Every structure is written in structure tokens, then in C-alpha cells.
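In: What follows is a predicted structure for the sequence shown.
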Amino acid sequence: MEGVCRQLPHVECFLLGSGPFVGTVEIRRRDGVEGVVYRDGVSLDVSFSDNPNLHTDHSARDHMMGQVSCQVSPVDCVTEIGEFIASHSRVTLTELTPLLFHSPVSYNALFGNLPVLVAMVPHSIAQSPQTQFMTDLLSVAKHHYSSIATAVVDVDLYPMWVSGMSPASAGGEEWVWSFPRVFVFRLDNHHQAAFSRVTGDRLTRDVLERFVEKVIEGRIEMEPCNGI
């Protein structure tokens, strides 16, 4: 199974033990999510689907994975396992910093080609996962895990950076300085984003859900921003 690790340059991968046979392959993320990806004698499709701790909102490709036999096609088996781990290695919520954001290697490893939902929150909320907003954000992030990545920016730690995360047309509008606030952007264009004008306590789970769905479906257009 060394081939699995070679497929995952941005993931810490360890081979425990030695010999030609591997009993299990596990994924353990730093946000506490874990699951058994491969178990000797169990088909991959069963292993992939029997992971309640991993997100269930996967793409059609995820549901097609695991159709190969590790006994019949060991090379294809290793490829399938590597692809499954890669597609589930991203943590649900990423704490985004300027250094991390402007590092292409780190950014690609974290988000791939997915659009990114950025939640700008005060320090008191960013450091309190039990608050209503963080609970709602986590729920939405899990639901849309395969369609959009989700990140959190602490507005008190990076006020100058956050000042650019607003529409170019907003000017001094008050909602720009009301937090929590969210927007969506893509890696290939840091000068356009889709913004939710609903902020603060009104930014409930239902509002977040509708905003994300509209962005994914293309019902909210990207607009020029001050530069992320």
C-alpha cells in the first residue's frame, strides 16, 4: 500500500508494520473525523460507504468508487483508495490566515478547485465552536462538503486583510462592517466574489443554506471586490 502514500503528497501518510499484506487502511483528520477506508476481505464499496463519521453528501463519482476488487486488480485498488482519501482529507472548517491564503501549495492542498465559502467572524465567535453561528456554519459546511470548501477568518486578528473582503461598490455601507459576514470566491479570481448582504444575528443556518445553494446554482453572480 506504499502507492497510496505516493498519491497523497499533501497528506501525512504512515505505513505501520511491514510485509506484503495490509490489514486495514484508515483516515484520521485533524478535526477528529476518522474512518476505516480498507479492511482485508471487505470490498471497497462496502468500506467506503460504511463510514458514518465521514460526510455523506458526496458527488456521483464518490458513489461509483470502490467498484474494483483489490484481489483481482491491486493497482486499481490502490488508486481508488488514494482518490477516496484525497477527496475526504479536507477538514470541514479551515482557519484561514493571510500566510496560508497566499501560499499556493497550502491553498491547493486545502481547497483544491472548489469555490470557498469564507465566514468573517469576531474573535469571540471564531474561538467558540459551540456558538450558534459556528454550529450553523459547520452544519452547512458538512451538507455541501463535496461542492464547496469552508473557511473562517478572525476579523479581530486580521482587520486590514478583512477590509478588502467587500464589494467594490459597497463604499461605506454599514453591513460591510457587521459580522459575522460571508462571501464565496474562486481560486482563479481573487478580484471577484459573491457576497451575502445578510449579516450579524440575521445570518442563520437557513440564510446560509440558501446563499450557498444560490451560489452553487449560479443564481448569485460574482461581483468585483476590493481584493482578497
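Out: It's in. In this text, all values refer to a predicted model and were calculated from it rather than measured experimentally. Numbers count the residues shown, from 1 in each chain.
In: All the helices of this protein, in order from the start?
Out: 2-6, 44-49, 60-64, 74-88, 98-101, 104-111, 123-126, 132-143, 159-163, 205-216 (DSSP state H).
In: Just give me the neighbour total for Leu100.
Out: 13 (other CB atoms under 10 Å). C-betas here are computed from N, CA, C, even on glycine.
In: Next, name the residue at the spatial heart of the chain.
Out: Ala149 (3.4 Å; CA atoms, centre = their mean).
In: how deep is Ile216 tucked in, by neighbour count?
Out: As a measure of burial, Ile216 has 15 neighbours, counting by other CB under 10 Å.
In: my guess is Ile27 contacts Val37, does it?
Out: Yes: shown here, Ile27 and Val37 form a contact pair, counting by CB atoms under 8 Å, at 5.5 Å.
In: Can you check which residues contact both of these two?
Out: Ile85 (CB atoms under 8 Å, 6 or more residues apart in numbering).
In: For Val184, see how far away the residue nearest to the centre of the chain is.
Out: 10 Å (CB to CB, to the nearest Å).
In: any common contacting residues for the two?
Out: Contacts common to Ala149 and Val184, judged by CB under 8 Å, 6+ apart, are Pro115, Val116, Leu117.
In: Who wins on neighbours among these?
Out: Leu117 (27 neighbours).
In: That one reaches Val153, doesn't it?
Out: No: the criterion here is CB under 8 Å, and Leu117 misses it with Val153 at 11.2 Å.
In: what pLDDT does Gly157 get?
Out: No Gly there; residue 157 is Leu. For Leu157, the model assigns a pLDDT of 95.
In: swap that for Ser47, sorry
Out: 77.
In: Likewise for His10?
Out: Value for His10, per-residue pLDDT: 64.
In: cool, the one 10 residues further on as well?
Out: At Pro20 the predicted local confidence, pLDDT, stands at 59.
In: How about the one 5 residues further on?
Out: The predicted local distance difference test score for Val25 is 85.
In: Go ahead and confirm it touches Cys5.
Out: No: with contacts counted by CB under 8 Å, Val25 stays clear of Cys5, the gap being 10.2 Å.
In: higher neighbour count, the two?
Out: The neighbour comparison of Val25 against Cys5 (other CB under 10 Å) goes to Val25, with 21 against 16.
In: Skipping its backbone neighbours, what lies nearest that one in space?
Out: Leaving out its chain neighbours, the residue that sits closest to Val25 by CB to CB, 6 or more residues apart in numbering is Tyr38, at 3.8 Å.
In: Low-confidence ranges, this protein, go.
Out: The chain contains residues with pLDDT under 70 at 1-2, 9-10, 15-22, 52-68, 104-109.
In: Swap in 50 and give it another go.
Out: Applying pLDDT under 50 to the chain flags residues 57, 59-61, 63.
In: Does the residue nearest to the centre of the chain touch Ala119 like I think?
Out: No: between Ala149 and Ala119 there is no contact under CB under 8 Å: 11.6 Å.
In: Now Gln192. Nearest residue, chain neighbours left out?
Out: Met222 (4.0 Å).
In: From the structure, what's the count of residues near that neighbour?
Out: 18.
In: Could you measure from it over to Val215?
Out: 9 Å.
In: Quickly list what's touching both of those two.
Out: Joint contacts of Met222 and Val215 (CB under 8 Å, 6+ apart) are Ala194.
In: Number of residues surrounding Ser69?
Out: Other residues near Ser69 come to 12 when the count uses other CB under 10 Å.
In: Done for today, thanks.
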